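> quick check, what structure comes out for this input:
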Amino acid sequence: KKNNFTPSGVRGFVATSMEALLAVIGDTTHWTPNVYRKYQYTNDKRKYVCGFEEGNLQQINTFVIDIDTKKYSVNDIVLTCMDDSIGVPTMIIESTRGYQVYFVLEQPIFISNKNKFRSLAVAKRISNNLKRSLRNVEADLFCNDFGFFRVPKKDNIVFYQKEQLYHAKMLIDWSMRVDDDLKRPLYVVPYKKGSTDISQSEWFYALLGTSKVRGAKGELGRNNIMFTLALAYYHDGKSQEDAYNLLDVYNSNLQTPLQPKEVEVIVRSAYSGKYNGPKAEYVKELLELHVPNGKNISVNMGYNCWYKHKKDRSERVRSHYEEWEQDIVEYITVQKNDSEPFIQHTQKQLCEALDLPQSTLNVLIKQSKQIIRKVSGKGRGAITYWTTVELFMQHIIRLNKEKSEMFIGYARDIMNKWHDTIEYNPASIMTFNYLEKLLKPPTDSGFERVSGGG
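Take a look at the predicted model:
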């Protein structure tokens, strides 16, 4: 009850273990799901406790959002979480006047006084953005971020997804995107670079020395190698221009090089600010596929930690969905191979690759003018493919050009076979002139219109 909150403390007790908590959970009304390092009883009777302040937080296990109204159904809250927030909540508890929405962490966020409680500042910003994202169901913006909440019990849990847990990094990345849209300063977890330049490592030069690589369906190829090399340059603090010049030379040495525009897309994606550097597992796979004795080459990234960071708003001029759309376009362009325009990814794989919320992808696909999706099969056996308008048109143009060149070769063989035996007259001359025009190699567009005539 409200009179249990007094200036000298809160009526209650301290549970110092999970076993102690579970033993009395049925007789309690409120709790804090987060752990504090300092607390004490305020009187000899040990009925009131204090010390549950933000500065005493030890770890954050969950974010709880209070909705102090029952105007909205549980389904309304879940849909709002999916459409406007981070995603489906872990649990929703019904209170006397409303609901409390739980987003439970897979691993805790630990709080320390280092860097002026930077981790606490990050956590409070996440909590604030979660509240703002649920304003359409009237979330309480002023509720204590890490205070006391209703104890979950069988009779008050109205929604529960046991496996729906959130990684701290996912919440941080999501919160930074929200801050960007709100033009607010970002609280960013610092990133410490390694002491060595990975672009000077053995594996880097081994990949740089490949020339016969192309890439088949379902196999990491030249696009992936170039993306990895560009990420290494980005990690080492080298300029985007230097990375493009490096890949331009590498591309020129390939037996089947990419178009310069594709190289630009790869470099731009690597320098987008969404990555800190290449991942060791991809480097190892590239070495095994395309470098002789690649398994014996050591792969060391020199990372002290792995965090994403955000570019300033002044450098990012696209709106939220347009930015995600461009991220997907660049990802598909980097991943695709030459045999077909589509890449095979489930929606979950695509979302995980880009840290993209499923709800955002669903909205984006409905309104995108650049992304094409196709689904083969039905039910659990369905396979999802992705491409872009540009890649699809390039593929059609390339097929048209290849078929045109095949036709030209076949027709020229016929012309050469008959040329010396057909008697020359106005009719035959007109025919051969028309065939010469018809067999003119197609332009880059692949759709040159040919008109007949004498």
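
> pLDDT score for Arg313?
We have a pLDDT of 36 for Arg313.

> also Ser127?
pLDDT recorded at Ser127 is 92.

> could we number from 116 for the rest of this?
With the count now opening at 116, the last piece we talked about shows up as Ser242.

> what's near enough to touch the residue nearest the centre of the chain?
In the chain, the centroid-proximal residue (Cα atoms, centre = their mean) is Leu469; its distance is 1.3 Å. Going by Cβ atoms under 8 Å, 6 or more residues apart in numbering, Leu469 touches 389, 439, 442-443, 446. Every residue, glycine included, has its C-beta placed from N, CA and C.

> which of the residues you listed sit farthest apart?
Using Cβ to Cβ, the contacts of Leu469 span at most 11.7 Å, a distance reached by Lys389 and Ile443.

> between the two, who's got more neighbours?
A direct count of neighbours by other Cβ atoms under 10 Å for Lys389 and Ile443 places Ile443 higher, at 22 against 17.

> any idea how far Asn391 is from the more buried one?
When Cβ to Cβ, to the nearest Å is the yardstick, Ile443 and Asn391 sit 20 Å from each other.

> Asp260 contacts Asn244, correct?
No: using Cβ atoms under 8 Å, Asp260 makes no contact with Asn244, being 11.2 Å away.

> so which helix or strand takes in Gln222?
strand 214-225 (DSSP states H and E).

> okay, buried residues for that strand please.
Under the neighbour-count criterion of 16 or more other Cβ atoms under 10 Å, strand 214-225 has 214-220, 224 buried.

> same thing with stretch 494-508?
499, 501-503, 506.

> contacts for it?
Stretch 494-508 is contacted by residues 443-444, 447-448, 451, 456-462, 465, 484-492, 510 when judged by Cβ under 8 Å, 6+ apart.

> got it, and stretch 244-263?
With contact meaning Cβ under 8 Å, 6+ apart, stretch 244-263 is reached by 125, 145-147, 149, 167, 169, 172, 175, 178, 180-184, 186-187, 191-192, 195-196, 199-201, 216, 218, 238-239, 242-243, 289-290, 293-294, 297.

> cross the residues you listed against strands and list the overlap.
Using DSSP state E, the members of those that fall in strands are 125, 145-146, 172, 175, 178, 180-182, 216, 218.

> so which of those residues comes closest to Leu335?
Relative to Leu335, the closest of the ones in strands among the contacts of stretch 244-263 is Phe218; by Cβ to Cβ it sits at 34.9 Å.

> so what's the closest residue to Gln215 other than its chain neighbours bridging to?
Excluding its sequence neighbours, the residue lying closest to Gln215 (Cβ to Cβ, 6 or more residues apart in numbering) is Ile208, at 4.7 Å. On the basis of DSSP bridges, Ile208 is bridged to Gln215, Ile272.

> and Val478, how close does it get to Tyr154?
Noted for Val478: a distance of 44 Å to Tyr154, by Cβ to Cβ.

> from Leu506, how far out is Ala345?
According to Cβ to Cβ, Ala345 stands 19 Å off from Leu506.

> spit out the contact partners of the nearest residue to Thr475 once chain neighbours are set aside.
Once flanking residues are discounted, Thr475 sits nearest to Trp439: 6.0 Å by Cβ to Cβ, 6+ apart. With contacts defined as Cβ under 8 Å, 6+ apart, Trp439 is in contact with 469, 471, 475-476, 479.

> surely Trp439 forms part of a strand?
No: read with DSSP: H, G, I helix; E, B strand; the rest coil, Trp439 is helix and lies in no strand.

> how confident was the prediction at it?
Predicted confidence (pLDDT) for Trp439: 80.

> now, of the contacts of stretch 244-263, which are buried?
Buried among those (16+ other Cβ under 10 Å): 125, 147, 149, 167, 169, 172, 175, 178, 180-182, 187, 192, 195-196, 200-201, 216, 218, 238-239, 242-243, 289-290, 293-294.

> re the thing from before, now, which of the ones in strands among the contacts of stretch 244-263 sits nearest Leu280?
Closest approach to Leu280 among the ones in strands among the contacts of stretch 244-263 (Cβ to Cβ): Phe218, at 8.8 Å.

> what separation do you get for the residue nearest to the closest one when sequence neighbours are not counted and Ser491?
Excluding the flanking residues, the one nearest Phe218 by Cβ to Cβ, 6+ apart is Phe178, at 4.6 Å. Going from Phe178 to Ser491 by Cβ to Cβ gives 39 Å.

> got it, and Gly388?
Where Ser491 is concerned, Gly388 sits at a distance of 34 Å (Cβ to Cβ).

> before we move on, what about Lys327?
Distance from Lys327 to Ser491, counting by Cβ to Cβ: 32 Å.

> for Asp183, same thing?
In terms of Cβ to Cβ, Asp183 sits 48 Å off from Ser491.

> ditto for Ala138
Taken as Cβ to Cβ, the span from Ala138 to Ser491 is 54 Å.

> repeat that for Tyr397.
According to Cβ to Cβ, Tyr397 and Ser491 sit 27 Å apart.

> that older thread, and the ones in strands among the contacts of stretch 244-263 as TSV, adding distance to Asn408 and pLDDT?
Formatted as TSV, the ones in strands among the contacts of stretch 244-263 follow (distance: Cβ to Cβ, whole Å; pLDDT from 0 to 100):
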residue	distance to Asn408	pLDDT
Val125	66	83
His145	63	90
Trp146	58	90
Leu172	51	86
Ile175	47	92
Phe178	49	96
Ile180	55	95
Asp181	60	93
Ile182	60	93
Val216	54	96
Phe218	48	96
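
> nearest to Ala542 among those?
Ala542 lies nearest to Phe218 out of the ones in strands among the contacts of stretch 244-263, by Cβ to Cβ, at 81.5 Å.

> now do the contacts for the closest one.
Residues in contact with Phe218 (Cβ under 8 Å, 6+ apart) are 177-180, 201, 204-205, 245, 281, 286.

> please redo it, this time with the cut-off set to 10 Å
Residues in contact with Phe218 (Cβ atoms under 10 Å, 6 or more residues apart in numbering) are 177-180, 196, 200-206, 241-242, 245, 279-281, 286.

> for the stretch 266-415 of the chain, give me the ranges with low pLDDT.
Within the stretch 266-415 of the chain, the ranges that satisfy pLDDT under 70 run 296-311, 330-334, 389.

> what about Trp533, how many residues nearby?
11.

> er, Ile313 actually
Applying other Cβ under 10 Å, we find 22 residues neighbouring Ile313.

> three-state assignment of the nearest residue to it once chain neighbours are set aside?
Once flanking residues are discounted, Ile313 sits nearest to Ala347: 5.0 Å by Cβ to Cβ, 6+ apart. Following three-state DSSP, Ala347 is assigned to helix.
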